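*Asks:* Sequence plus the predicted model coming up.
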Amino acid sequence: MKTGVFRLLILFALGGGVFLAPPGPSAGDARAQEQGQKQEQAKAQPPAGIAAFVSEEEPPTFASSEEAVQAFKDRLAAGDLAATVELLGLDPDAVKGSEATLETFAAIREGAARRVSVSDLGDRVLIRIGRILWPLPFPVVKGEDGRWSFDTYAGLQEIVNRRIGENELEAIATARAYVEAQESYAAGDWDDDGVLEFAQKLVSSDGAQDGLYWPETDGAEPSPAGAFTDQAALDRAVEGEGYFGYRFRVLTGQGENIAGGHYDYIINGNMIAGFALVAWPVRYGETGVYTFAISHHGTLYQADLGPETDKIARAMERFNPDDSWEVVRD
């Protein structure tokens, strides 16, 4: 499901496709910054898969940051993708030169032709491109020898941070849409049993309407989640990649930490007493950090469950956030 966040693809795809964007709304920017702070505090290294995109050759160095920035502008102006990638310290052979990549490179070239802004932070320089001043993730840094170059690993880590921020925004939007879809589902009797109930599945069984989503077919009523679902992302989720980097599961009861106490949502086989959902990152620290949970009351919670996130989330059966969870504010 799209959140309306502005996306701008960088000139390469990383780990199956990384969207590199200034997350647009301040919420996305804040999430990307927060993930960066978490990584720094934990002294985390970039995900192992990143190493495959780093060139065996060190990025070229320059006598000044101005020379480095000019080299970047010159290579963009020349339309030389491989040379630009090498300048950033990346391996051109590892960069996926798809049609989308080339189109994106052209868009970045166009933006740079209009405007390139530089922020001088002392031993570190940030480059912003185009009318929207899109921040290039790779900073220009001063080495111990006094020469300047693009910081490859810092740039790749920033890409991961931005992807995490955007994935978390998608997870938040999907969780909120889940509530709306459940309310819509419960307005109809989809299994003709005379009971108006909430869906116990996210995706319906083949040929059935027992979940919030089913494929569009001629003559069939659209599914409650159809308007919120990105089909391409759903197809990737079916293949095990998660939906925008997150996994989602319906919870069928609530625990003692919630108003009303411990009880089941399912009565006599029908989920009529409420509903809840948990969403967690496919790969903690790479596709997301926070785990999210929401119920029919509509309050969305988040928590950083750490490296054991997948194990903890898979074991959840009830909606039961404790004091370690915090409310997600709009």
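*Replies:* Cool, got the structure.

*Asks:* Tell me how far the residue of the chain most remote from its centre lies from Asn270.
*Replies:* Most distant from the centre of the chain: Gly194, at 39.9 Å, with distances by CA atoms, centre = their mean. Using CB to CB, to the nearest Å, we find Gly194 at a distance of 10 Å from Asn270. Using the backbone N, CA and C atoms, a C-beta is placed for each residue, glycine as well.

*Asks:* Please enumerate the shared neighbours of the two.
*Replies:* With contacts taken as CB atoms under 8 Å, 6 or more residues apart in numbering, Gly194 and Asn270 have no neighbour in common.

*Asks:* For the residue lying closest to Pro321 once chain neighbours are set aside, list the residues it contacts.
*Replies:* Closest residue in space to Pro321, ignoring its immediate chain neighbours: Tyr301 at 4.4 Å, by CB to CB, 6 or more residues apart in numbering. If you count contacts by CB under 8 Å, 6+ apart, Tyr301 has them with 292-294, 321, 325-328.

*Asks:* Domain ranges for this structure, per the record?
*Replies:* Structural domains annotated on the chain: 26-158, 163-327, as defined by automatic domain parsing.

*Asks:* Under the pLDDT cut-off, which ranges of the stretch 151-300 of the chain? List them.
*Replies:* Scanning the stretch 151-300 of the chain with the threshold set as pLDDT under 70 gives 218, 238-239.

*Asks:* What distance do you get for the closest residue to Ala94 other than its chain neighbours to Trp134?
*Replies:* Nearest residue to Ala94 in three dimensions, chain neighbours excluded: Phe53, at 4.8 Å (CB to CB, 6+ apart). For Phe53, the distance to Trp134 equals 20 Å [CB to CB].

*Asks:* Ok, Asp93 next?
*Replies:* With CB to CB as the criterion, Asp93 and Trp134 are 26 Å apart.

*Asks:* Comparing those two, which residue is more hemmed in?
*Replies:* Trp134 (21 against 10; other CB atoms under 10 Å).

*Asks:* Dihedrals phi and psi, Ala106?
*Replies:* When read as degrees, to the nearest 10, the backbone of Ala106 gives phi -60, psi -40.

*Asks:* Same check on the one 5 residues further on?
*Replies:* Backbone torsions of Gly111, given as degrees, to the nearest 10, read phi -60, psi -40.

*Asks:* quick one: it and Ile129 touch, right?
*Replies:* Yes: applying CB atoms under 8 Å, one finds Gly111 in contact with Ile129, separated by 4.5 Å.
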